[in-house]
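**Q** The following block contains a protein sequence and its predicted model.
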Amino acid sequence: MLDKRMTVDDIVGQLSDGMTIGIGGWATRRKPMALIRAIARSNLKDLTLMAGYGGMDIGMLAATGKIRKLVFAFASLDHFPLEPHFRNARQAGAFEVLELDEGMYHWGLRAGAMKLPFLPTRVGIGTDIINQSGFDFKFVKSPYEDGEEFVAMPALVPDVALIHAHRSDERGNLLNLSVDPIFDELLVRAAGKSYATVEKIVTTAELDMKKNSRYNLVERTMINGVAEAPLGAHPSSAAPDYQLDLKHIKTYVESAASPEAWAEYKAKFIDVSEADYQTAIGGEEAVKQLPVPIY
Amino acid sequence: MLDKRMTVDDIVGQLSDGMTIGIGGWATRRKPMALIRAIARSNLKDLTLMAGYGGMDIGMLAATGKIRKLVFAFASLDHFPLEPHFRNARQAGAFEVLELDEGMYHWGLRAGAMKLPFLPTRVGIGTDIINQSGFDFKFVKSPYEDGEEFVAMPALVPDVALIHAHRSDERGNLLNLSVDPIFDELLVRAAGKSYATVEKIVTTAELDMKKNSRYNLVERTMINGVAEAPLGAHPSSAAPDYQLDLKHIKTYVESAASPEAWAEYKAKFIDVSEADYQTAIGGEEAVKQLPVPIY
Amino acid sequence: MTQNSYSLAELVIAACAEVWRDNGEVMATGIGPLPRIGAGLAKLSFSPAIQTTDGEVWYTSEPVGPGKRNSEPEYEGIANYDRVFSALWSGRRHALVGPVQIDRFGQANISVIGDHKKPKAAMLGARGFPGNSISHPNSFFFPNHNKRAFVEGEVDFVCMAGYNPARYRNGQPPKGLDLRRIITNLCVMDFGGPDHQIRVISLHPGVTFEEVQDNTGFPLAKIADEIPVTPAPTAEQLELIAKIDPNNVRATVFKDNPAGDRRAA
Amino acid sequence: MTQNSYSLAELVIAACAEVWRDNGEVMATGIGPLPRIGAGLAKLSFSPAIQTTDGEVWYTSEPVGPGKRNSEPEYEGIANYDRVFSALWSGRRHALVGPVQIDRFGQANISVIGDHKKPKAAMLGARGFPGNSISHPNSFFFPNHNKRAFVEGEVDFVCMAGYNPARYRNGQPPKGLDLRRIITNLCVMDFGGPDHQIRVISLHPGVTFEEVQDNTGFPLAKIADEIPVTPAPTAEQLELIAKIDPNNVRATVFKDNPAGDRRAA
C-alpha cells in the first residue's frame, strides 16, 4: 500500500537553497513549528518565504538568516501584535519583501491552485501595495461593457507547502480539526509539492471520515508526505488538541531584546531535538492543559 | 429581534415577471421543490432560470411554460439520466438557452459573489460553449509574460436565489446538513436577494452552531427570508433528513409521455397545496423511510 | 447619575456606535476595545440586525465585550477566515479600525514608518486594509489625535486607499471606496467637506476646533461655523455599555480614564 | 479456466484499466459500469495509488463496484462537488467517459443531436466535459462502435475540446488537452497518428481493421501493419474483476453478454 510517512528531517531534506516555501496556518494558529525549527537549524539558505498570515514562522527564520525574500500580508503574534524578530530583521533591511493584502494573498494562491497565471481583483488599487519594487503588478481590463480595470494578481506558486494538521493516515488522508481551516487547502493546491506534519498518524478507519468529512483538508493526491510530530505546532495552537502557549510566546518575544537573549532562546529551543524541545516546554501534559485564550 | 420568517407563497410573492431566478441543489439533491411547485402554479412568466445543476426544477418550470431563457450545464434526474420535460421543451425550441460547463457555472457565480464582472478560465476553449448565440463570450489576455488568452467568464448574478436547507433560526442562520453542500453558498452570494426553504425552523440554540459550524451555509446577512417547508425538497433528497423518491421520480418521468399524462400529474401534485401534496406522496412517515439510493 | 458622569471612553464608544446606524444587516467589525464595545452598543440599541463576533471566529447572538467572560456566548454562525473575505468583498461589512497614520485623503497605514525597504519602524504589514478600503464602508478610531497620526503629507505606506485622485489610473476610486467617520479623543470627523475633505462634525465637550486643527497635519473643514458638541451617552447607553463591558476594559484605554466632558475638569 | 473463458465486457474492462497505468497518484473516474470496474482493476493491480470513489461523494480505500453493496466501504476522503473541480483543474485526474458522439479530432458530444437551438434530440447538456477536456487526461468508452458515434464531420455540439486547430485562436489547444485512449466493443484506439489522428492500437479478438474502419465515419491510422490483438484479461485479472463486480453488472452491458474472443463463436 501507499506509505507516505516521513520524519520531520526527511521533509526538510526535500528542501534546497533558494526554494520558495509556503507556510500554512495563521499567526499563532497551526504553524508547522517543528518544521520551522528544523529549517532554522539546517544549512538551508536564500529561501523565499510565502507566509501570508505570518507569525513565529517568519520571525524564527528571519532571526536565523534563512530568508532572502518574504511574501506576506502581516507578521503578528496576535496577543503580542508585533513580531519582534520580523521587526528587527525588517528594520535592518535583512531581506526583500513583497507585501500583500490578506485577501490578495489567498486570491494568488487560488490562481496557483487553478493553474491560472493571474486572477483579477480590485484589491491593491489606490495603495502602495501595487507600487512596491518586489513585483511589477500589471493590470487587466474587463472585456465587457463595464470596461473596468483590475489589478492582475499573479499566481502564488510555492515550490513546497508546509502545513500542520491534526490527523493523517499513512496515505496522506488528512484531518484538520480546527474550527477555522484558514487557507491551508489553497496553499497545498497551489504548491508544487506539499508536506504535512500531524499530531498523530492513525489508521484510515480511525480517521472516521464519514463523521469528519468536512474536516478532510484536501485529497491525498495533493500530499507528498506526512510526518508525525506531536505538539508540532507549539507554541502556536493546534486546537482542539491544544491551545497556544502565551508564556512561551512571551519568552520568544523577549528573546528579541538582544543577541544574547536570542542565543539563549536558540540554544534552548531550536538547536535541540524535538524530544528535548518537548521536555524544555514542560512536556505533553503541560501543553494539553494550556487554557483557551481570550480574544 | 430580527424575524425573517415567511411562507413559501410570501417568497414567490417577491418574484416578478422577467426576473432571473437562480436555483440551488443538484439534479436530484436539495432542489427547493416546494418553491418550484408554487412558481409552477403562479402567474409568473418569462423567467430566466439559472439552474446549472438542473433536474425537476428545470423540467417542471419548462412543462408549465415559465422559462424564457435557461442558463444551465445539464438537466438530469441522475438515476433517470435524461430530464424528459426539459427534453420535450428543448426539442420544441420552447426557450433560449445558455449552456455552460459545470465548472464555468460556479466560476461565474464566484465572479458574481465577488462583485467582479468576469473571471478568466480556460474552460470553454475549443468547444461550442463559447460559440452559442446565448452570450457573446469575450477573451482576456494575461498581462504577464505567458501572454495566454482566456475565456472571460461573465459574472452570473441572479436577481433572486432560491435554495433548500435543513435548519434555520428566525434570523436566517442556516444549516445545510448534507455531506455535499454543492455550490449553494456561491449562488446565494452571487444573487441580489436570497430565500431559503428549510425542513424546520428552530431556535438559535437548537442550531448547535458550535458543533455544526462547518454546516453553516452562509452568514445570515445574505439571507433575506426563510420559510419552513417540511419535505420541501421532495421528490429530490434532503439527506440526511430524507432520501430521494425514485418511485415518485419515475411517475414524474412518465408524465412526460403525453399532454394527458402531464395534466394528470400536474392536477395531482402541482395544483394543490403543500399539505395536499404531502398527503398525495404518502406523508412524512413514508418519505422519511425512503431507502438510501445506490450510485 | 448626573449629566457629566461619563468617561471620555464612554463618549467615544457612543460616537463609535453611531457609525453603524442605518447600515442595514452588515458585519460590524470594531477593532480595539472602544470600537468593539461601540458595535455592541449599536447592536443592542438602534441596529439590532448587524452581526458582531466574539473577536475570534464566531458570530454571536449578543455582543461579546473584551476580556474575560462569565459564560460562553450563544453562537449564531461561523465567521471563519474565508468567510470574512466573502463578507467583505460583498460590501456587507462596515469596519471601524485603528490605523497608525492617516492623511488628508483618508489613506491609512499600519505597515511601516519610514522607507518600506528598510523601515524606521516595521509594524504589522498591510493586513486586510487594501481590500477593506475599496470593498465596504470604513471608519477610524484614533486614541491620540496628533500630527504623528494625522500626517501632513501622505502616509508612509498607503495600506488603505483613500480619496486621492493621483492614486487612480482614471482619477476615480473604485465605487466600493466609502470612508465614513473618524472618531478621536478630541472630536468626530467625516469626509463630507469639498472633494471629500475631512471635516469636523462634532467636538467633544470642552474641545475647540483650533485645538483639533493644531493637532492635525492638514487643514480641516467644519460642518458649520458652530460645530455641535459630540452627544453625551444617554443613561440607557451607559447601562448597555456597562453590560457589554463588565470587565471595564474601557477604563484602561485613555490614561487616567478622563471624564468625557472636559469642561467639568 | 480455459484461455477463452472471458466475456467481451471483461476484455473491455481490462483494456479500460490500462488507461490508468503509470498515471501516478490521480483521481480515476470511470463513468459507466465497465470503465468504473476498469478503474477498480487498475487500483487493485498495477496502479494502487489512484483514487476512486463510491460513485457518489466519497473516496474509498478499496474500489466500489456498481450495484448493491454487502457492506459500507471504508471512506478515505471526501470527493464533494467543489473538490472534484479542484482536483480536475489541478490536472491530477484521468476520466474515462462515454460520450454519444466523437469525431476525428476527439471532439465529443453529450448535449444535443441536431441544431442546438431546437435539437432533434436533447440529451444531458455539456456537464463538465469542456473543463475536463482541457484540464486533465481523458479517455473514452463506446459500447457500440458505429458511424452514429464516430461521426463523419464534427460532432453536433462540441462539449469536449479536441485536436482541431480551427477551434483555437492561435491554432494550439491549451496544454492541458491530453486525449488518451478510446475503447469500444471492437478495438482500442489512441491519438497517436500523424497530427493526433486516431489510430487503432489493438483489435479485439476476431475483429478486423476493415470492420472497424467500416464502422467509423473518418479514416483511421494503424499502430502497425499488423495490429496487435487486445490482450485477454489474465486469470488474476478475472478474479479481481469478479471481486469488484460481485453483482455481475458487467454481464448486462452488451446484449447477450458475448464472449471476448469472437473467434471462438
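**A** Everything's here; your move.
**Q** Tell me where the stretch 101-250 of chain A has strands.
**A** Assigned by DSSP state E, counting those that start in this stretch, the strands in the stretch 101-250 of chain A fall at A:118-121, A:138-141, A:149-154, A:160-168, A:174-175, A:193-201, A:225-228.
**Q** I'd like those laid out as JSON lines, including mean neighbour count.
**A** C-betas here are computed from N, CA, C, even on glycine. Output for these, formatted as JSON lines (neighbours: other Cβ atoms under 10 Å in any protein chain shown):
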{"stretch": "strand A:118-121", "mean neighbour count": "25"}
{"stretch": "strand A:138-141", "mean neighbour count": "17"}
{"stretch": "strand A:149-154", "mean neighbour count": "23"}
{"stretch": "strand A:160-168", "mean neighbour count": "27"}
{"stretch": "strand A:174-175", "mean neighbour count": "26"}
{"stretch": "strand A:193-201", "mean neighbour count": "23"}
{"stretch": "strand A:225-228", "mean neighbour count": "22"}
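**Q** closest to residue D:157 out of these?
**A** Among the strands of the stretch 101-250 of chain A, the nearest to residue D:157 by Cβ to Cβ is strand A:118-121 (29.3 Å).
**Q** what separates the residue in the stretch 101-250 of chain C that chain A sits nearest to from residue A:139, distance-wise?
**A** Closest to chain A within the stretch 101-250 of chain C is residue C:161: 2.8 Å, counting by Cβ to the nearest Cβ. Distance from residue C:161 to residue A:139, counting by Cβ to Cβ, to the nearest Å: 15 Å.
**Q** before we move on, what about residue A:47?
**A** Counting by Cβ to Cβ, the gap from residue A:47 to residue A:139 is 30 Å.
**Q** ok, now residue A:18?
**A** According to Cβ to Cβ, residue A:18 and residue A:139 sit 30 Å apart.
**Q** and what of residue A:117?
**A** Taking Cβ to Cβ as the criterion, residue A:117 is separated from residue A:139 by 14 Å.
**Q** Need the nearest residue in space to residue 118, chain neighbours excluded.
**A** Since no chain was named, I'll use chain A. With sequence-adjacent residues excluded and distances taken as Cβ to Cβ, 6 or more residues apart in numbering or on different chains, residue A:118 is closest to residue A:152, at 4.1 Å.
**Q** hmm, I had chain C in mind actually
**A** Using Cβ to Cβ, 6+ apart, the closest residue to residue C:118 is residue A:93 (3.4 Å).
**Q** Chain neighbours aside, what residue packs nearest to residue A:233?
**A** Counting by Cβ to Cβ, 6+ apart, residue A:164 is the residue found nearest to residue A:233 once chain neighbours are left out, at 4.7 Å.
**Q** now do residue A:94
**A** residue A:62 (6.6 Å).
**Q** And that neighbour, its phi and psi?
**A** Main-chain torsions, residue A:62, degrees, to the nearest 10: phi -70, psi -50.
**Q** neighbours of it, just the number please.
**A** 28 (other Cβ atoms under 10 Å in any protein chain shown).
**Q** how close does it get to residue A:160?
**A** Distance, residue A:62 to residue A:160, using Cβ to Cβ: 19 Å.
**Q** Now for residue C:73: which residues touch it?
**A** By Cβ atoms under 8 Å, 6 or more residues apart in numbering or on different chains, residue C:73 lies in contact with C:54, C:58, C:60, C:61, C:62, C:64.
**Q** can you map out the helices along the chain?
**A** I'll assume chain A. Under the criterion DSSP state H, chain A contains helices at A:8-13, A:33-40, A:56-63, A:84-91, A:102-113, A:184-190, A:209-212, A:246-254, A:259-265, A:274-280, A:283-288.
**Q** The intended chain is chain C.
**A** Secondary structure of chain C (DSSP H): helices at C:8-18, C:33-44, C:81-90, C:129-135, C:209-214, C:235-244.
**Q** Skipping its backbone neighbours, what lies nearest the residue in the stretch 51-200 of chain A positioned nearest to chain C in space?
**A** Residue nearest to chain C within the stretch 51-200 of chain A (Cβ to the nearest Cβ): residue A:126, separated by 2.8 Å. Closest residue to residue A:126 apart from its sequence neighbours, by Cβ to Cβ, 6+ apart: residue C:161 at 2.8 Å.
**Q** What does the pLDDT read for that neighbour?
**A** Here the pLDDT value assigned to residue C:161 is 98.
**Q** burial count for it?
**A** Residue C:161 has 32 nearby residues by other Cβ under 10 Å.
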